[in-house]
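S.K.: here is a sequence with its predicted model. Questions after.
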Amino acid sequence: MLLLFNKVQTFLAGELPYRILAVVVVWLLVYVLVRYLGRWVSALDKQVEEFDIDPRELRTLDRLVDYTLITLGVIATISILQLTSLLYSVMTAAGVVGIVVGFAVKDVAANFISGLFILLDRPFVTGDAVKIGEYSGRVQRVSLRSTEIATFEGPVVTMPNQIVATTPVINYTVNAVRRADITISLSDYSDLEQAVEAMRSVAEADERRVKDREIQVFVSDVREYVIDLTLQCYFPNDVWFAAQNDLRRAVVEEFKRRHLEFAVPVRKNLYLPPMSAGGEE
């Protein structure tokens, strides 16, 4: 009994003040982070102009981080005070609650985490011309839960970040130039060399073309009565769409000027011979 009393007295006189001091330091750190971390995130969002995170999402992120910090503070306090049995009980209860909540909000959490990775990796920013899955357009907004794309056709598509993070993204803005592909179907009895020269001359005459990229004109397909010629050249991203349209019209006009004929779809009608009355031809 005396030995046990001496151990308790040694603990109270020796280890307990240091443990209390450690608990105070832990909660002081938690207080500072909870109070100022949200402000730091808001300031960072204002400095990074490419991302426009909704204030409501910032508040949600701030609360989530606050709850996480407080939970860690409680676990650290229990561990410092060596309340092992209580710590196990808390961890068990937290595990059960975590499983239940995880099943309930797994899609929301997946979109949220994917949004964080998108903001950190920056595969695209607001204003970039991209293609994600079957949708092409300009990135209109990047949030923590979804990404908005203003399609070239007009409608705005809102895609969950979980899909964006797991789908290949084609970013047309990263590279300063983009290739234009013009394919013309030529009739098989037209002058092939003259058609190639016509397409090349039209491309060379366009002042918007990137001069250090080679112009290519080649036979891309040969079908019955049809020869497909493809012209490839490069334009800056900001004029690519208009330049490709103008180039296509110029090729058509040049073909007409040189009396080069386009291929006309051919339809074949098959007629079976009439059958005799006896079933024989």
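M.R.: In hand now; what should we look at? Residues are numbered from 1 along each chain as shown.
S.K.: so how far is A195 from V252?
M.R.: 12 Å (CB to CB, to the nearest Å). The way it works is simple: take the backbone N, C-alpha and C, and place the C-beta from them, glycine included.
S.K.: oh sorry, the question was meant for I70
M.R.: 74 Å.
S.K.: what's the answer for N237, then?
M.R.: Going from N237 to A195 by CB to CB gives 29 Å.
S.K.: for D228, same thing?
M.R.: Distance from D228 to A195, by CB to CB: 11 Å.
S.K.: these two: who's more crowded?
M.R.: Set side by side, D228 and A195 show more neighbours around A195, with 24 against 15, by other CB atoms under 10 Å.
S.K.: isn't the more buried one up against L186?
M.R.: Yes. Counting by CB atoms under 8 Å, L186 is a contact partner of A195 at 5.4 Å.
S.K.: shared neighbours of the two, anything?
M.R.: 229, 260 (CB atoms under 8 Å, 6 or more residues apart in numbering).
S.K.: quick check: neighbours shared by D228 and A195?
M.R.: The contact lists of D228 and A195 share 184, 186, where a contact means CB under 8 Å, 6+ apart.
S.K.: need the residues touching each of V252 and A195.
M.R.: Contacts common to V252 and A195, judged by CB under 8 Å, 6+ apart, are I184.
S.K.: so where's the stretch 151-281 of the chain uncertain?
M.R.: Applying pLDDT under 70 to the stretch 151-281 of the chain flags residues 264-281.
S.K.: can you pull out the strands in it?
M.R.: With DSSP state E, counting those that start in this stretch as the criterion, the stretch 151-281 of the chain has strands at 156-160, 169-171, 177-187, 216-223, 226-236.
S.K.: so R19, which of the three states?
M.R.: helix (DSSP: H, G, I helix; E, B strand; the rest coil).
S.K.: ok, it to R200 distance?
M.R.: Per CB to CB, R19 is found 83 Å from R200.
S.K.: let me see the ranges of the helices in the chain.
M.R.: Under the criterion DSSP state H, the chain carries helices at the ranges 2-10, 16-47, 55-80, 84-104, 106-121, 161-165, 192-205, 240-257.
S.K.: ranking these by mean pLDDT, which is last?
M.R.: When the helices of the chain are compared on mean pLDDT, helix 2-10 scores lowest, with a mean of 44.
S.K.: re the thing from before, most tightly surrounded among the strands of the stretch 151-281 of the chain?
M.R.: strand 226-236 (a mean of 19; mean count of other CB atoms under 10 Å).
S.K.: can you list contacts of it?
M.R.: 176-188, 190, 192, 195-196, 199-200, 202-203, 206, 208-210, 213, 215-222, 243-244, 247, 251, 263.
S.K.: try 6 Å
M.R.: 177, 179-186, 188, 195, 199, 203, 208-210, 213, 215-218, 220-221, 243, 263 (CB atoms under 6 Å, 6 or more residues apart in numbering).
S.K.: and if you look at stretch 152-164?
M.R.: 110-111, 114-115, 118, 132, 135-137, 146-151.
S.K.: and the buried ones among the residues you listed, selectable in PyMOL?
M.R.: Only the buried entries of those go into this PyMOL selection, using 16 or more other CB atoms under 10 Å:
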select buried, resi 110+111+114+115+118+132+136+137+146+147+148+149
